[in-house]
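*Asks:* I'll drop the sequence and a predicted model, then ask my questions.
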2 protein chains.
Amino acid sequence: MKKLLIAVLLAGTALAGQAVGQELQDRANALFDPLPESMPGAENDTPAEVALGQKLYFEKKLSVNGTQSCNSCHRLDNNLGGDDGNPVSPGAVKGKFGGRNAPTTINAGFHLAQFWDGRAADLEEQATGPILNPVEMGMPSGDKVVARLKDDADYRRAFDEVFGEAVSMENIARAIAAYERTLISEDRFDDYLNGDTAALNQQEKRGLKTFMDAGCAGCHNGALLGGNSYQKMGVVQAYENTEDKGRMEVTGKESDKYVFKVPSLRNVALTAPYFHDGAVATLEEAVRRMGSLQLGRQLGDDQVADITAFLGALSNKDSRDLAQR
Amino acid sequence: MKKLLIAVLLAGTALAGQAVGQELQDRANALFDPLPESMPGAENDTPAEVALGQKLYFEKKLSVNGTQSCNSCHRLDNNLGGDDGNPVSPGAVKGKFGGRNAPTTINAGFHLAQFWDGRAADLEEQATGPILNPVEMGMPSGDKVVARLKDDADYRRAFDEVFGEAVSMENIARAIAAYERTLISEDRFDDYLNGDTAALNQQEKRGLKTFMDAGCAGCHNGALLGGNSYQKMGVVQAYENTEDKGRMEVTGKESDKYVFKVPSLRNVALTAPYFHDGAVATLEEAVRRMGSLQLGRQLGDDQVADITAFLGALSNKDSRDLAQR
């Protein structure tokens, strides 16, 4: 009799646990979406265009002194999350550095716009920016970039085959963008959203719940957990770096001062350091500071640890796959 | 000596108070902007176009049975905040009601898009929606609207004078939009942002601080304290009305389920009841529920009272002025 009672109680506890689990999953599914299997625009990309884009992505001729490719700052070959691990990245010319933390190119085409300040509408518009940026790849002009590739018979032939036209900045951008549209990560959080409740461990589930309870999902929501809106850096507390005016530099509007694109949290555990200026070294510290800067919350150590654990479930299962596709 | 000491201490306290006051004002100026003096597009509006638009705004011929004008739901003549005080508004045809709480037309042209779900890009696109909506003004077609106004010699002459062309749905929309671009409110919060520290009383200042500390300004920021972004209704806690799918009905995207335009808080104390479905009767309750639904905060009674007091400072100083301009 006693055994039966215990069995009934245990079964009841298990059922209650299941109900709580279902509630958490329902809440998560209301706020987040699995990453789509293909990126907007990819339906028009051909395998040949993607292959050319991949070659260009790793092409150091695209920098003034032949030292840098797209992959130098947005690395796909090191099992990081598609960036270089630097606060700001060294440019091709010695001693010059980019002004902001290099964002990952993985999943980039899902964002509402490109760059931290959203100044490029899409991947095509973004792709040639760093090539011509004097503190990044430092090429003096589009004509010079085109001339370099035209000097190479392989490129002349490839552009002719893929686009039926000569090398131009426009089709360089198109090819790189086509390649970048294949860079979609796969992680355990999507397995969880798709119904595999065992895909997250207990701490990650607690972290997910805290992430939602604390209001983080107010900005970090949707398929990217971010990337779909702009927000002021320092909603509740002012952020200490007041040099970078953010989106105000694009729009000229005072109301866009310190406003940046909300970064996606996919692969965030792989892309330290953090924030637009790369000023924060660890994910724990980034979580803690976001709590106070954006939400006015002093998150406890356990909460920070749980959220950080949850964010780890957003890491691509094997980012080397992306470079080798 | 004792007197001097007290005087010094008092002066010190006053200075500290000033410093705290300055800090609050600086924080507010970083998050909010005074309403601009004119609306985007107003530079192309002529006084004659505005006058025609004003006449049309109050024109009951624009509804199927001659009972309703724009002003029936978006009232500018009753010293409310530019709405009708109903949860949802009765349509021209008896027994029919709009599906969502009528938003104010005051400051509407500053919003990033029109309607709760942003389905119209601008005032022109919005203006003819309710006229042809079967549960609102209920006109059966644009041709019928145009024919009615053409029956009136005054309108025939006015459209000819203003636009140099006959009445059309397009120029009806242009005129109404031109009038609506004059509907800009003036309130004490803008006086405060512009440097008049005495424009808010102590409770309103505490409310402003709590509003910023609690994270309300994450969505309700800029010149409108809202109106510049979309947000899910129920970020932290699910909202009980699950009938209205919000912006998903416009975009078809699952990720836009329960997403609405963040409403502006200008004139909010004048526009009860609240939320897209008008389900909440008082501003206090709206503040309390926003705290839990969007931020996961249980605001205390004093905090709710202070925030509500602050929101009162966003009321137009004299909304009757707007109808009589």
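*Replies:* Here it is on my side, so go on.

*Asks:* what ranges do the helices span in chain A?
*Replies:* Taking DSSP state H as the criterion, chain A contains helices spanning A:2-31, A:47-57, A:70-73, A:123-127, A:129-132, A:142-150, A:153-163, A:169-180, A:188-193, A:202-213, A:248-251, A:283-295, A:301-312, A:320-324.

*Asks:* What parts of the stretch 151-300 of chain A come near chain B?
*Replies:* In this structure, the stretch 151-300 of chain A approaches chain B at residues A:212-215, A:217-219, A:221-223, A:228-232, A:234-236, A:238, A:254-255, A:257-258, A:294-296, judged by C-beta under 8 Å from any C-beta of the partner chain. C-beta: built from backbone N, CA, C; applies to glycine.

*Asks:* Buried subset of those, written for PyMOL?
*Replies:* Buried subset of these, written as a PyMOL selection, criterion 16 or more other C-beta atoms under 10 Å in any protein chain shown:
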select buried, chain A and resi 212+214+215+217+218+219+221+222+223+228+229+230+231+232+234+235+236+238+255+257+258+294+295+296
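
*Asks:* my guess is A:Gln303 meets A:Ala214, correct?
*Replies:* Yes - using C-beta atoms under 8 Å, A:Gln303 makes contact with A:Ala214 at a distance of 7.3 Å.

*Asks:* Going by neighbour count, which residues in stretch A:231-251 are buried?
*Replies:* Quick answer for stretch A:231-251 (16+ other C-beta under 10 Å): A:231-236, A:238-239, A:244, A:246-248, A:250-251.

*Asks:* hmm, I was thinking of stretch A:40-48
*Replies:* Residues of stretch A:40-48 classed as buried: A:Ala42, A:Asp45 (neighbour count, 16+ other C-beta under 10 Å).

*Asks:* need the helix or strand of chain A with the lowest average pLDDT.
*Replies:* For chain A, counting by mean pLDDT, DSSP states H and E, helix A:320-324 ranks last in confidence among helices and strands (a mean of 61).

*Asks:* contacting residues around A:Leu224?
*Replies:* Contact partners of A:Leu224, counting by C-beta atoms under 8 Å, 6 or more residues apart in numbering or on different chains, are A:Leu35, A:Asn107, A:Phe110, A:His111, A:Ser264, A:Leu265, A:Arg266.

*Asks:* any idea which of the residues you listed has the most stuff around it?
*Replies:* A:Arg266 (30 neighbours; other C-beta atoms under 10 Å in any protein chain shown).

*Asks:* Next, that one: phi, psi?
*Replies:* phi -60, psi 130 (degrees, to the nearest 10).

*Asks:* you'd agree it is up against A:Asp187?
*Replies:* Yes - the pair A:Arg266 and A:Asp187 passes the contact test of C-beta under 8 Å, sitting 6.9 Å apart.

*Asks:* Now do the contacts for whichever residue of the stretch 1-150 of chain A sits closest to chain B.
*Replies:* Across the stretch 1-150 of chain A, no residue is closer to chain B than A:Asp33, which sits at 5.2 Å (C-beta to the nearest C-beta). Contact partners of A:Asp33, counting by C-beta under 8 Å, 6+ apart, are A:Leu193, A:Gly222, A:Ala223, B:Glu254, B:Ser255.

*Asks:* roughly how far apart are the second one and A:Asn316?
*Replies:* In this structure, A:Gly222 lies at 18 Å from A:Asn316, with C-beta to C-beta, to the nearest Å as the measure.

*Asks:* picking that back up, how about the buried residues of stretch A:231-251 in JSON lines, adding distance to A:Leu80 and pLDDT?
*Replies:* Listed next are the buried residues of stretch A:231-251 as JSON lines, based on distance: C-beta to C-beta, whole Å; pLDDT from 0 to 100:
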{"residue": "A:Gln231", "distance to A:Leu80": "25", "pLDDT": "95"}
{"residue": "A:Lys232", "distance to A:Leu80": "28", "pLDDT": "94"}
{"residue": "A:Met233", "distance to A:Leu80": "23", "pLDDT": "96"}
{"residue": "A:Gly234", "distance to A:Leu80": "27", "pLDDT": "94"}
{"residue": "A:Val235", "distance to A:Leu80": "29", "pLDDT": "92"}
{"residue": "A:Val236", "distance to A:Leu80": "31", "pLDDT": "92"}
{"residue": "A:Ala238", "distance to A:Leu80": "31", "pLDDT": "91"}
{"residue": "A:Tyr239", "distance to A:Leu80": "25", "pLDDT": "95"}
{"residue": "A:Asp244", "distance to A:Leu80": "23", "pLDDT": "95"}
{"residue": "A:Gly246", "distance to A:Leu80": "25", "pLDDT": "96"}
{"residue": "A:Arg247", "distance to A:Leu80": "27", "pLDDT": "95"}
{"residue": "A:Met248", "distance to A:Leu80": "30", "pLDDT": "94"}
{"residue": "A:Val250", "distance to A:Leu80": "28", "pLDDT": "93"}
{"residue": "A:Thr251", "distance to A:Leu80": "32", "pLDDT": "92"}
